[in-house]
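Q: Quick one, structure for this:
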Amino acid sequence: MNDVGDEADVTARLEMLRVEHRDLDAAIGALAGGGGSDQLQLMRLKKRKLRLRDEIALLEDQMIPDIIA
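A: Residues are numbered from 1 along each chain as shown. Predicted coordinates:
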């Protein structure tokens with residue numbers, strides 16, 4: 001198994017997730033600031049954003065090498 005390729009894949013996935021997370025943040029801000037916002041849609045976007053944050057954290061943890069003390 002090629003660790004360098006795996007690391008590049010994880011890095012690319014992380015970047016994609018971060019972009020989507022930022023996009024969702026902007027969409028949530030626009031929807032919330034729009035006055036007659038759709039609360040159900042707003043909740044769905046926020047849930048998706050939280051799932052993305054969790055996945056980002058998981059991938060970041062995988063990037064950190066284990067330290068044997």
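
Q: thought Arg48 was touching Leu24?
A: Yes - between Arg48 and Leu24 there is a contact under Cβ atoms under 8 Å: 6.1 Å. Yep, even glycine has a C-beta here, placed from its N, CA and C like the rest.

Q: So which of those two has more stuff around it?
A: Leu24 (18 against 15; other Cβ atoms under 10 Å).

Q: which strands and helices sit next to the helix or strand where Leu50 lies?
A: Under the criterion DSSP states H and E, the helix or strand holding Leu50 is helix 39-63. Judged by 3 or more Cβ pairs under 8 Å, 6 or more residues apart in numbering; DSSP states H and E, the packing partners of helix 39-63 are helix 3-32.

Q: Name the residues of the helix it packs on that are buried.
A: For helix 3-32, the neighbour count (16 or more other Cβ atoms under 10 Å) marks 14, 17, 21, 24, 28, 31 as buried.

Q: Export these to CSV and append columns for distance to Pro65 and pLDDT.
A: Formatted as CSV, the buried residues of helix 3-32 follow (distance: Cβ to Cβ, whole Å; pLDDT from 0 to 100):
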residue, distance to Pro65, pLDDT
Leu14, 16, 95
Leu17, 21, 97
His21, 25, 97
Leu24, 30, 96
Ile28, 34, 93
Leu31, 40, 88
